[in-house]
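Visitor: have a look at this prediction, sequence included:
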Amino acid sequence: MNASRGTHLPSIALLAVSGLGLLVYWGSAAAFAAGGLYMLVMDGSLSAQTFSLWTLSSTALFFGLLLLPPLGWAFLRLIGHEGPVLPRVPGVQRFLPWLWALWPPVLLLGHLAFRLEKAAWLVLPPLQILAVCIPLVWFFHLGSRGLEKLRPPVGWGLVAYGLSLSPILIIGLEMVLLAGAFVLLVLFLMNRPDLMSQLAPLTEQILEQQLAPEMLLQRVRPVLMQPGLIAGVLAFMAGIVPVVEELLKPAALWLLAGKRMTPAQGFVGGLLCGGVFALMETLGNLSAPAEELWLVLVATRAGTGLLHMTASGLVGWGLASALGQGRYLRLVGAFFSASLLHSLWNVAALAMGIVPLLYPASAAPSAGTAAWLGRAAPWVLAGLMLLFFAVLRSMNQTLRAQSAVSAPLPASDVTENIG
């Protein structure tokens, strides 16, 4: 059936966001590819910088491809069509639970791709994208199976806003807050002449590139170990960042505020928003792949993806409960829980990454509590992953049980505000 023609502002907004995002991503892909090709020809070998440019180009091209469906849905809506009826592919639902079985072979192929030398730039990027997407798709299936699905215009609309709008909001706000933190750091150092006297010659040596990384770390370690600085880093990374990201990751769901969502639909929408954010964050961290770290980084980032999807799913569930059922305390509790889980993850990740630098192995016996935290951090992260997995399954089972005894809202209630 054709939709009525007219000015449909949500579809216009979706068309603009998808179109501009597509131009930015594919323009960036072309620029990165041109730069990589130029350096490959000029150097005659595959340098780390050339490899990074090709990886960035492939990632930007992939993000642009993801924006084509929402662009098409918005265009069809504006010319008066509902859009095509998507066929159901037989066997897909039976295949998705076993999708995880493809992940180890893809990881192995990606690791082996580095040995192809000059051909690695062509083989690794698609394998890297696939290695990142597989666990995210599997987590989404695990959390959303049996629940009310969002209509394609809504789902693809969330993808479009997640790729185009949410990163701008999150990065912009975090940069403003980071600038404020830098000002506080400068004020802190101005009140500590002893630290300033240590940093002045160190800054000159850094600018003149006279220090090796090991020597630099040794010189700057006393400054980094200041309790005030450590407290500030923890406050920012484990306090401000989780709140900002959990507020803005599902920003597109706020566009549905004028329409009612069931809690199940809100949960599924939150999972999708968190998955898109995790996809962008992980592929961004892999923009300069290193052979010795690639396999570990891709594997461990799957846990971060599970965190983002679970936390955003909780926020989406709370938002739908507040808007559709007037249960605003549930939204507060869901947001607090998501932020707390995110904060615990960030604290453990910081401990695992920073403690070994501040307290090397030779100083571990005298490091006390800090060294113990560094050793415990990997186990804490593993425990948190199990907790996220349990929350995801528990929420899915609870919402499926609730959906079985209550009539869902009409699908159009969660369509018109996105496109």
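Guide: That came through, no problem. Residues are numbered from 1 along each chain as shown.

Visitor: helices of the stretch 1-150 of the chain, start to end?
Guide: For the stretch 1-150 of the chain, the helices defined by DSSP state H, counting those that start in this stretch cover 9-43, 48-78, 92-95, 103-113, 120-144.

Visitor: identify whichever of those lies nearest to residue 161.
Guide: Nearest to residue 161 among these is helix 9-43; the distance by Cβ to Cβ comes to 6.2 Å. For the C-beta atoms, the positions are set from N, CA and C on the backbone; glycine is no exception.

Visitor: which ones are touching residue 162?
Guide: 249, 252, 272-273, 276-277, 280 (Cβ atoms under 8 Å, 6 or more residues apart in numbering).

Visitor: what's the lowest-pLDDT member of those residues?
Guide: On pLDDT alone, residue 252 ranks lowest of the contacts of residue 162, at 84.

Visitor: that residue - how many residues pack around it?
Guide: 27 (other Cβ atoms under 10 Å).

Visitor: so which of the contacts of residue 162 comes closest to residue 114?
Guide: Looking across the contacts of residue 162 and measuring by Cβ to Cβ, the closest to residue 114 is residue 280, at 23.5 Å.

Visitor: right, and the closest one touches residue 165 too?
Guide: No. Between residue 280 and residue 165 there is no contact under Cβ atoms under 8 Å: 11.9 Å.

Visitor: remind me which helix or strand residue 271 belongs to.
Guide: Here residue 271 is covered by helix 263-285, with elements defined by DSSP states H and E.

Visitor: tell me which residues in that helix are buried?
Guide: 263-283 (16 or more other Cβ atoms under 10 Å).

Visitor: repeat for stretch 179-194
Guide: residue 181.

Visitor: could I get it in CSV with only the CA atoms?
Guide: Output of stretch 179-194 as CSV, limited to C-alpha atoms (Å, rounded to 0.1, in the frame of the first residue of the first chain):
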residue,chain,number,x,y,z
ALA,A,179,39.0,20.3,27.7
GLY,A,180,37.6,21.2,31.1
ALA,A,181,39.6,18.4,32.6
PHE,A,182,42.7,19.7,30.9
VAL,A,183,42.1,23.1,32.4
LEU,A,184,41.8,21.5,35.9
LEU,A,185,45.0,19.6,35.3
VAL,A,186,46.9,22.8,34.4
LEU,A,187,45.5,24.5,37.6
PHE,A,188,46.6,21.4,39.6
LEU,A,189,50.1,21.6,38.2
MET,A,190,50.4,25.3,38.8
ASN,A,191,49.8,24.7,42.5
ARG,A,192,52.6,22.0,42.5
PRO,A,193,55.9,23.8,41.7
ASP,A,194,57.8,20.5,42.4
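
Visitor: run the chain-centre distance for it.
Guide: 30 Å (Cα atoms, centre = their mean, to the nearest Å).

Visitor: do the same with stretch 392-400
Guide: On Cα atoms, centre = their mean, the centre of stretch 392-400 falls 22 Å from that of its chain.

Visitor: pLDDT below threshold where in the stretch 151-300 of the chain?
Guide: Residue ranges of the stretch 151-300 of the chain with pLDDT under 70: 189, 192, 194-229, 256-259.

Visitor: can you give me the helices for it?
Guide: Under DSSP H, counting those that start in this stretch, the stretch 151-300 of the chain gives helices at 152-164, 166-190, 193-207, 213-224, 227-235, 241-248, 263-285, 291-325.

Visitor: any chance of the helices of the stretch 1-150 of the chain in a markdown table, plus distance to residue 309 and mean neighbour count?
Guide: Listed next are the helices of the stretch 1-150 of the chain as a markdown table, based on distance: least, Cβ to Cβ, whole Å; neighbours: other Cβ atoms under 10 Å:
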| stretch | distance to residue 309 | mean neighbour count |
| --- | --- | --- |
| helix 9-43 | 21 | 17 |
| helix 48-78 | 16 | 21 |
| helix 92-95 | 19 | 10 |
| helix 103-113 | 16 | 17 |
| helix 120-144 | 5 | 21 |
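
Visitor: to residue 347, which of those lies closest?
Guide: That would be helix 120-144 among the helices of the stretch 1-150 of the chain, by Cβ to Cβ, at 22.4 Å.

Visitor: check contacts around the closest residue to residue 51 other than its chain neighbours.
Guide: Spatial nearest neighbour of residue 51, excluding adjacent residues (Cβ to Cβ, 6 or more residues apart in numbering): residue 121 at 5.7 Å. Contacts for residue 121 (Cβ under 8 Å, 6+ apart) come out as 36, 40, 46, 50-51, 54-55.

Visitor: one step back: kindly report which one of the helices of the stretch 1-150 of the chain carries the lowest mean pLDDT.
Guide: Among these, helix 92-95 scores lowest, with a mean of 69.

Visitor: coming back round to it: the residue nearest to residue 51 and residue 289, how far apart?
Guide: Applying Cβ to Cβ, to the nearest Å, the value for residue 121 to residue 289 is 10 Å.

Visitor: list residues touching both of these two?
Guide: With Cβ under 8 Å, 6+ apart, residue 121 and residue 289 have common neighbours 51, 55.
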